[in-house]
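*Asks:* what would the 3D arrangement of this be:
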Amino acid sequence: TFKIQIFVCFPALGCGVPAYPPAVSRVVGGENARPYSWPWQASLQYQSSSSWYHTCGGTLIATNWVLTAAHCISSTRKYRVLLGKYNLAAEEQGSVAASPEKIIVHEKWNPYSVASGYDIALIKLTEHVALSDKIKLACLPAAQSILSSNTACYVTGWGRLQTNGALPDDLQQGLLLVVDYATCSQPSWWGSTVKTNMVCAGGDGITSSCNVSPENTTLRVWFDTTRPD
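*Replies:* Have a look, this model is predicted:
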């Protein structure tokens, strides 16, 4: 089994202009990102005892709204959102810890049927965050936008570098090329699991935004792009 993570996938260097341009190399398998080069990146963290732990990434889409995945949310946990971060283990000037006012999980999300889609949630922050060189907004694509095959996109986050491995402290990035729906929906790929409101990318068997079993030699990743109402 594996866990699907949601990311806003932009054409490389398209929407959202960082103060520190990312190093968009063609390195496969992922690499450390340039510090603060993805300034809309958020770290969603939950509290356990007196400590906070990273659980999922998110995207700052307004000064008081963060987009994340529905599967990251549990009604039994207390959350916070970190912005302006690169190294989660370090104290970094300009970073912000924000508290959620409310969390809205898509009403059609079913944790027992991930393939049905709607793996999307919105976090409204208690206060608006001040934008800076390290904290900026991402731009959402227009409704009904379709990325063409082989569009270069970058997956970013603090996800595990290998199955059951430790979480990295430094923000990671990985290049993925978009795969069109006709290809991704073939039986040898995802078949009927992938829907038209999803973006399919990858296929090199190396770069991934989720963890799969090592038996899988060719990895294809899909992202749910359903827009919440």
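
*Asks:* helices of the protein, start to end?
*Replies:* Assigned by DSSP state H, the chain shows helices spanning 181-184.

*Asks:* longest single strand anywhere in it?
*Replies:* Across the chain, the longest stretch assigned as strand under DSSP state E is strand 51-62.

*Asks:* run through who's touching that one.
*Replies:* 5, 7-8, 40-47, 66-69, 72, 80-81, 83, 88, 123, 129, 135-138, 140, 156-159, 167 (C-beta atoms under 8 Å, 6 or more residues apart in numbering). Bear in mind the C-beta positions are built from the backbone N, C-alpha and C, glycine included.

*Asks:* which of those residues are buried?
*Replies:* 5, 7-8, 40-46, 66-69, 72, 80-81, 83, 88, 123, 129, 135-138, 140, 156-159 (16 or more other C-beta atoms under 10 Å).

*Asks:* those in strands, which ones?
*Replies:* Cross-referencing the buried ones among the contacts of strand 51-62 against strands under DSSP E gives 41-46, 66-68, 80-81, 83, 123, 156-157.

*Asks:* and the average pLDDT for stretch 86-106 is what?
*Replies:* Computed over stretch 86-106, the mean pLDDT rounds to 97.

*Asks:* stretch 148-162 too?
*Replies:* Averaged over stretch 148-162, pLDDT sits at 85.

*Asks:* and stretch 50-68, by the same measure?
*Replies:* Mean per-residue pLDDT for stretch 50-68: 95.

*Asks:* low-confidence ranges, the protein, go.
*Replies:* 1-15, 25-29, 203-229 (pLDDT under 70).

*Asks:* out of the ones in strands among the buried ones among the contacts of strand 51-62, flag the one nearest to residue 34.
*Replies:* residue 156 (10.9 Å; C-beta to C-beta).

*Asks:* the closest one and residue 171 touch, don't they?
*Replies:* Yes: using C-beta atoms under 8 Å as the test, residue 156 is close enough to residue 171 to be in contact (6.3 Å).

*Asks:* hey, what's in contact with both of these two?
*Replies:* With C-beta under 8 Å, 6+ apart, residue 156 and residue 171 have common neighbours 33, 38, 41.
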